[in-house]
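[1] My questions are about this predicted structure, shown below with the sequence.
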Amino acid sequence: MKYELNQAENFWLVICIWREKNQMKKFLFLLILTSGVYAQQEVLNVQHYCVDVKPFKKGECDISGNEYSFVFLDIQKKDVTFFFTDTKLKYKITESHIEDSNPNFTWYNLINEKGSMEMRINKQKTKIEFIDATNHIYLTVGKSTKSE
């Protein structure tokens, strides 16, 4: 037996199919949008910095301040960019690890065209240290955000 739809039934069938397709499109759009959030880099807003220059004296700063500084951290792309007052330092992460003796910090080995450096970040991402042979830079970080 063949059933034919009248004009009103046909119209509602088309509307239902269209709504289902749009719901799927919305779902896919939200899925893509939310997955993109996890791929974005994190922006760490530096509230205070302290630079200890060789010879190192624990707890002392040769240079300190609270000028505009940021750390852009993208773990997936293995990029670190540190805007320190009027200087931009860009590094690639070559390795990361957490030491058993201090699991509250993650260590990162960094490299760029000028050399290598180590970076250490606590779990709360409120303290960052950049360490090389001539400088130790200690950063206190405020609220962090996702970059767009």
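    Now that the structure is in, tell me what you want to look at. Residues are numbered from 1 along each chain as shown.
[2] For Ile98, see how far away the nearest residue to Asp79 once chain neighbours are set aside is.
    Counting by CB to CB, 6 or more residues apart in numbering, Asp79 lies nearest to Lys92, which is 6.6 Å off, once chain neighbours are set aside. C-betas here are computed from N, CA, C, even on glycine. As defined by CB to CB, to the nearest Å, Lys92 lies at a distance of 20 Å from Ile98.
[3] and if you look at His136?
    20 Å.
[4] And the strands in the chain?
    Taking DSSP state E to define them, one finds strands in the chain at 42-53, 63-65, 69-74, 79-84, 87-99, 102-112, 115-122, 127-131, 135-146.
[5] Now mean pLDDT and mean neighbour count too, for the ones you listed, in JSON lines please.
    Output for the strands of the chain, formatted as JSON lines (pLDDT from 0 to 100; neighbours: other CB atoms under 10 Å):
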{"stretch": "strand 42-53", "mean pLDDT": "91", "mean neighbour count": "17"}
{"stretch": "strand 63-65", "mean pLDDT": "90", "mean neighbour count": "12"}
{"stretch": "strand 69-74", "mean pLDDT": "92", "mean neighbour count": "19"}
{"stretch": "strand 79-84", "mean pLDDT": "92", "mean neighbour count": "19"}
{"stretch": "strand 87-99", "mean pLDDT": "94", "mean neighbour count": "13"}
{"stretch": "strand 102-112", "mean pLDDT": "96", "mean neighbour count": "15"}
{"stretch": "strand 115-122", "mean pLDDT": "96", "mean neighbour count": "17"}
{"stretch": "strand 127-131", "mean pLDDT": "94", "mean neighbour count": "19"}
{"stretch": "strand 135-146", "mean pLDDT": "82", "mean neighbour count": "16"}
